[in-house]
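In: sequence and predicted structure below; questions after.
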Amino acid sequence: MFEQASDIFSLDADARISLGELAECCGLTVVELNELVDYQALTPLDAAASERVFSAHWVGPLRTAARLRQDFDLDLFTLAMVLGQQERIAQLERQVQSLQALLPADSRVVLAE
């Protein structure tokens, strides 16, 4: 059941997910996620709200970051930097895809995934 619930969130990035649900899906604790918010690596949808709610788009990057943390024994500050770089890479990949869509079909370069 754990896999199914987290897959739903990763498929619909417009969904909202509570702090507890995000912790359960990503393998990080609520305290760790709150610290990532303090580092400004993770942003809630409404910073002024009493209960933190996030976009479900964070599930994928946080899962990857949690695996990297475990594999390389990273501290939370380093994990915050990794999350920032993951987001930047994803943004750049979207920009490349947008620019490639403007090119004629015969001159497009396919990115390896």
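Out: Done, it's in. Numbers count the residues shown, from 1 in each chain.
In: what residues of the longest helix seen in the chain count as buried?
Out: Longest helix in the chain, counting residues (DSSP state H): helix 76-102. Buried residues in helix 76-102, counted by 16 or more other C-beta atoms under 10 Å: 76, 79-80, 82-83, 86-87. Yep, even glycine has a C-beta here, placed from its N, CA and C like the rest.
In: run the chain-centre distance for that helix.
Out: Averaging C-alpha positions (C-alpha atoms, centre = their mean, to the nearest Å) puts helix 76-102 10 Å from its chain's average.
In: same question for stretch 40-55.
Out: Mean-position distance between stretch 40-55 and its chain equals 13 Å (C-alpha atoms, centre = their mean).
In: about what we covered before: on contacts alone, who are the packing partners of the longest helix of the chain?
Out: If you count contacts as 3 or more C-beta pairs under 8 Å, 6 or more residues apart in numbering; DSSP states H and E, helix 76-102 packs onto helix 30-38, helix 59-72.
In: adding distance to residue 20, write these out as JSON lines.
Out: Putting the helices and strands packed on helix 76-102 into JSON lines (distance: least, C-beta to C-beta, whole Å) gives the following:
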{"stretch": "helix 30-38", "distance to residue 20": "6"}
{"stretch": "helix 59-72", "distance to residue 20": "13"}
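In: the lowest-mean-pLDDT helix or strand in the chain: what's the following helix or strand?
Out: Least confident helix or strand, the chain: helix 2-11 with a mean of 48, by mean pLDDT, DSSP states H and E. Sequence order places strand 16-18 as the next helix or strand after helix 2-11, per DSSP states H and E.
In: neighbouring contacts of the helix or strand just after that next one?
Out: On the C-terminal side of strand 16-18, the closest following helix or strand by DSSP H and E is helix 19-26. By C-beta atoms under 8 Å, 6 or more residues apart in numbering, the residues outside helix 19-26 that reach it are 2, 5-6, 9, 17, 29-30, 32-34, 44, 51-54, 58-59, 62-63, 65-66.
In: give me the buried subset of the residues you listed.
Out: For the contacts of helix 19-26, a neighbour count by 16+ other C-beta under 10 Å gives the buried set as 6, 9, 17, 32-34, 44, 52, 54, 58-59, 62-63, 65-66.
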